[in-house]
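Participant: Build me a model from this:
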Amino acid sequence: MQDWLVVAMRTLLAIVVLFIMTKLLGKRQVSQLSLFEYITGITVGSLAAYIPLEVDGAWYLGVTSLCVWVLVSLGIEFMQMKSKKFRDVMDGVAKVVIKDGKILEDNLKKERMTTDELLELLRSKNVFKTADVEFAVLEPSGQLNVLVTKENSPLTPKNLGIKVAPEQEPQTVVMDGKMLDEPLATIGLNRSWLSTELEKKGVALENVFLGQVDSYGQLYIDLFDDQLMVPQPQEKALLLATLKKCEADLEMFSLSTKDQSGKKLYEQCSKQLEIVIKDVKPLLSR
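Facilitator: Down below sits the predicted model:
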């Protein structure tokens with residue numbers, strides 16, 4: 001058999017073996033690698049490259065070495081799941097590098113991190129002053145997790161005492177100009193509803209690059225032609241405006257009528273509607 005054909009066949013074999021073993025090692029083998037996993041990834045890749053090119057030698061020895069590496073890696077992962085101490089030795093432990101706005105230089109030196117590197121990681125978290133940091137933890141993966149002080153934390157509905165309904169996952173109902181039936185069925189809609197919504201916007205289905213429906217049933221679309229602008233859904237804004245108009249009308253009726261019983265009824269309805277508007281405003285304002 002010719003050498004080029006042997007190399008091609010062994011390359012295909014190496015790809016299959018490498019794929020199977022990578023699946024065995026799990027997803028962490030390609031993201032957030034520990035030191036040992038990093039070494040394993042390099043070694044396994046080198047051995048896989050050795051297998052197809054060793055034409056004259058015992059190429060199967062490369063497969064044997066590859067299997068040993070994978071078995072050792074699986075054994076280490078098993079030990080890590082069973083033992084916290086073993087996990088700390090292999091992966092390392094998280095280190096606090098900032099506490100109460102003060103940089104802990106000793107911990108920074110232990111991690112061999114410079115001040116510039118620390119500031120760069122802080123900027124990636126949108127933090128530009130160390131004084132704004134309650135504490136920052138450097139994870140074994142090298143990521144920096146930051147908790148800013150209360151006065152510098154973003155304002156949330158919870159801080160304002162506002163209850164917000166849970167947001168459901170948006171469903172992609174149009175992709176590359178084609179309707180997707182399964183996402184439509186997931187949110188209880190159908191092709192007829194989608195066609196009607198596209199007709200309201202004056203858009204043909206084949207011109208839609210991407211279409212998504214949010215948890216409130218509003219359709220957002222992106223067209224193939226980036227020069228064309230599609231108006232955003234206004235159903236929620238119109239509903240809020242209608243409710244406020246009804247409240248204003250009730251107050252006007254209350255002021256214009258001379259019938260005391262009718263005036264009292266209008267005032268009660270106006271107050272009840274005001275409570276309803278206050279409750280639904282967080283949902284209709286976003």
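Participant: Please identify the helix or strand for F135.
Facilitator: For F135, the enclosing helix or strand under DSSP states H and E is strand 133-138.
Participant: Next secondary structure element downstream of that strand?
Facilitator: On the C-terminal side of strand 133-138, the closest following helix or strand by DSSP H and E is strand 144-148.
Participant: Describe which strands that following strand pairs with in its sheet and in which direction.
Facilitator: Neighbouring strands of strand 144-148 in its sheet, by DSSP bridges, are strand 133-138 (antiparallel).
Participant: mind listing what's buried in the partner strand?
Facilitator: The neighbour-count check on strand 133-138 (16 or more other C-beta atoms under 10 Å) flags 133, 135-138 as buried. Using the backbone N, CA and C atoms, a C-beta is placed for each residue, glycine as well.
Participant: got a list of contacts for it?
Facilitator: For strand 133-138, contacts defined as C-beta atoms under 8 Å, 6 or more residues apart in numbering pick out 94-101, 107, 111, 113, 122, 127, 144-150.
Participant: about what we covered before: export the buried residues of strand 133-138 to TSV and tack on pLDDT and distance to L240?
Facilitator: As requested, the buried residues of strand 133-138 are exported to TSV (pLDDT from 0 to 100; distance: C-beta to C-beta, whole Å):
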residue	pLDDT	distance to L240
V133	93	39
F135	90	41
A136	94	41
V137	94	42
L138	91	46
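Participant: Please produce CSV containing those residues, extended by distance to I187.
Facilitator: Listed next are those as CSV, based on distance: C-beta to C-beta, whole Å:
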residue, distance to I187
V133, 41
F135, 42
A136, 41
V137, 39
L138, 42
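Participant: Which residue, other than its chain neighbours, is closest to K99?
Facilitator: Closest residue to K99 apart from its sequence neighbours, by C-beta to C-beta, 6 or more residues apart in numbering: F135 at 4.8 Å.
Participant: so what's that neighbour bridging to?
Facilitator: Beta-bridge partners, per DSSP bridges, of F135: K99, L147.
Participant: do you know how far it is from E117?
Facilitator: Distance of F135 to E117, computed by C-beta to C-beta, to the nearest Å: 18 Å.
Participant: Quick check, pLDDT for L180.
Facilitator: What the model reports for L180 is a pLDDT of 93.
Participant: Backbone dihedrals for it, both of them.
Facilitator: Dihedral pair for L180: phi -110, psi 110, per degrees, to the nearest 10.
Participant: Skipping its backbone neighbours, what lies nearest it in space?
Facilitator: Sequence neighbours aside, V173 is the residue nearest to L180 in space, at 5.6 Å (criterion: C-beta to C-beta, 6+ apart).
Participant: ok, the one you found - contacts?
Facilitator: The contact partners of V173, by C-beta under 8 Å, 6+ apart, come to 179-180, 183-184, 189, 194, 211-213, 219.
Participant: Could you report the separation of Y216 from L255?
Facilitator: Counting by C-beta to C-beta, the gap from Y216 to L255 is 35 Å.
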